[in-house]
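> Show me the folded form of this:
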Amino acid sequence: MTDPSSTGRFSLGPATLVTAAFIGPGTVTACTLAGVQFGQALLWAMLFSVLATMVLQEMSARLGIVGRTGLGEALRASTDSRIGQIGVVTLVLSAILVGNGAYEGGNISGAVLGLNTMYTFPSELALFWPILISASAFGLLFFARYKMLERVLIILVLTMSITFVITFILVKPSIGEFARGLFIPVVPDGSLLTVIALIGTTVVPYNLFLHASVSKERFSGPDELGASRKDVAVSISLGGLISIAIMSTAAAAFFGSGIELNGAADMAIQLEPLLGSWSTSFMALGLFAAGVSSAITAPLAAAYAATGVLGWETDLNSRRFKAIWGIVLLAGSVVAMSGARPIQIIWFAQVANGFLLPVMAIFLLKVMNDRKLLGEHVNTRVQNGLGIIVVMVTLVLSGRSLLSAFGVL
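Numbers count the residues shown, from 1 in each chain. Model (predicted):
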């Protein structure tokens, strides 16, 4: 792989994987639902999510580049006591496996949502698509034949993303409403879980583990931190632009209409200004591509994180590595076959990620202040301050949500 610093030119790197991971069925669904239910009012939550992603992913990449280690390995080495190590391992495994299990359920459900729009089966065969998609993902992962397919699917996802941006331009949303929603934080009644879902679909906890490991392989040392930061800024900004475009076009198409989204055909209405009668087929194909590509990469990321924190070798062909991604894939399959509506499953997965985020962010901040590991490249006061803001905001949102739930009970 070409060293970007050696050519004197900027090139996209590991951060593109982060963007590809969060531009999936979860983002399309969560952003669409936010626009349908609350118009432009929650755009600020997406802007916050994008900035938070930049802050945390820059730390994660710096850990891999300077520390030459993954986040899982660094967390395990950050405590000397046996009890402390057990606690760290337990928390990380719980967060990664539970979060990825829910996320995987959303990925498979997203692919099913697309396929059901194009091909309708009798109710007694409702489990056919989830089983087929899960079995396909298992075969591709087991025989390590997923990379070629993944490239094709990512191209389809990028095409869908560009389509949303063009539609956003054609729709011409009110500049005043757009600006208020983007820069004035408000939490309308009933929107708290939606805010958490928007954060959870963008600042994906397992991406912190994935980014550190991939950056360690891509970049050779601290001299390339500048290239890594440009990579993060450009890639995450593009992902944020796409997410904001999806929410804004959904608001223009649906807000105040009273429509209830049940499938890809409903969500495709927002693309009609550009695609007309082709919008449903395009949305279905895009959701299928986004779901399948994420259904392959999410279990892999979980396996890298778990093997790192457990101190195991991260070998794609090892039984332990395969067992971990197999557990995540199985959990996602069970969630997808639970009988719940796909849109509900996808939305729940984003909420679960939003709750897990502050835990992972706290762990990351702890590691990024380890001078033995990072030397002069530990977090500055500004970086720590930004990280603490991210943690505090997500903790407040999660805490308010839990208090509301207890109040209902």
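> List the buried residues in the helix or strand hosting residue 347.
Per DSSP states H and E: residue 347 is located in helix 342-367. Residues of helix 342-367 classed as buried: 342-343, 345-361, 363-365, 367 (neighbour count, 16 or more other Cβ atoms under 10 Å). C-beta: built from backbone N, CA, C; applies to glycine.
> That one - contacts with which helices or strands?
helix 25-38, helix 43-67, helix 71-77, helix 82-118, helix 192-202, helix 205-218, helix 319-336, helix 381-408 (3 or more Cβ pairs under 8 Å, 6 or more residues apart in numbering; DSSP states H and E).
> let's go with 7 Å and repeat that
With contacts taken as 3 or more Cβ pairs under 7 Å, 6 or more residues apart in numbering; DSSP states H and E, helix 342-367 sits against helix 25-38, helix 43-67, helix 71-77, helix 82-118, helix 192-202, helix 205-218, helix 381-408.
> between those helices, which gets nearest to residue 312?
With Cβ to Cβ as the criterion, residue 312 lies closest to helix 71-77 of the helices and strands packed on helix 342-367, at 9.5 Å.
> okay, how far is it across stretch 258-276, tip to tip?
Start-to-end span of stretch 258-276 (Cα to Cα, to the nearest Å) is 22 Å.
> what distance separates that stretch from the centre of its chain?
Between the centre of stretch 258-276 and the centre of its chain there are 23 Å (Cα atoms, centre = their mean, to the nearest Å).
> ok, and what's touching that stretch?
For stretch 258-276, contacts defined as Cβ atoms under 7 Å, 6 or more residues apart in numbering pick out 28, 32-33, 36, 113-114, 116-117, 163, 166-167, 170-171, 249-250, 253-254, 279-280, 282-284, 287, 341, 343.
> Stretch 344-364 too?
Applying Cβ under 7 Å, 6+ apart, the external contacts of stretch 344-364 come out as 25-26, 29-30, 33, 56, 59-60, 71, 75, 91, 95, 99, 102-103, 105-106, 109-110, 193, 196-197, 199-201, 203-205, 208, 335-336, 387, 390-391, 394-395, 398.
> Name only those of the residues you listed that count as buried.
Taking 16+ other Cβ under 10 Å as the criterion, what is buried in the contacts of stretch 344-364 is 25-26, 29-30, 33, 56, 59-60, 71, 75, 91, 95, 99, 102-103, 105-106, 109-110, 193, 196-197, 199-201, 203-205, 208, 335-336, 387, 390-391, 394-395, 398.
> Now name the helix or strand holding residue 189.
Taking DSSP H and E as the definition, one finds residue 189 inside no helix or strand.
> so what's it up against?
Taking Cβ under 7 Å, 6+ apart, one finds nothing in contact with residue 189.
> So which of the helices and strands packed on helix 342-367 is nearest residue 293?
Of all these, helix 82-118 sits nearest to residue 293, with 8.4 Å by Cβ to Cβ.
> which helices and strands does the closest one pack with?
Against helix 82-118 (3+ Cβ pairs under 7 Å, 6+ apart) you get helix 25-38, helix 71-77, helix 128-142, helix 205-218, helix 264-267, helix 279-310, helix 319-336, helix 342-367.
> and the direction of the last one versus that of helix 279-310, what angle?
Going by axes from the mean of the first three to the mean of the last three Cα atoms, to 10 degrees, helix 342-367 is angled at 30 degrees with respect to helix 279-310.
> So for helix 342-367, mean pLDDT?
Here helix 342-367 scores 82 as its mean pLDDT.
> Quick check: phi and psi at residue 369.
When read as degrees, to the nearest 10, the backbone of residue 369 gives phi -110, psi 20.
> just the one 4 residues further on next, same as before
In terms of degrees, to the nearest 10, the main-chain angles of residue 373 are phi -90, psi -40.
> Grab the nearest non-local neighbour of it.
Ranked by Cβ to Cβ, 6 or more residues apart in numbering and with sequence neighbours excluded, the top spatial neighbour of residue 373 is residue 67, at 4.7 Å.
> How many residues are close by the one you found?
Residue 67 has 22 neighbours, counted by other Cβ atoms under 10 Å.
> mind checking how far it is from residue 376?
Applying Cβ to Cβ, to the nearest Å, the value for residue 67 to residue 376 is 12 Å.
> dump the residue contacts of residue 118.
By Cβ under 7 Å, 6+ apart, the contact list for residue 118 reads 281, 284.
> One more: residue 240?
Contacts of residue 240 by Cβ under 7 Å, 6+ apart are 46, 50.
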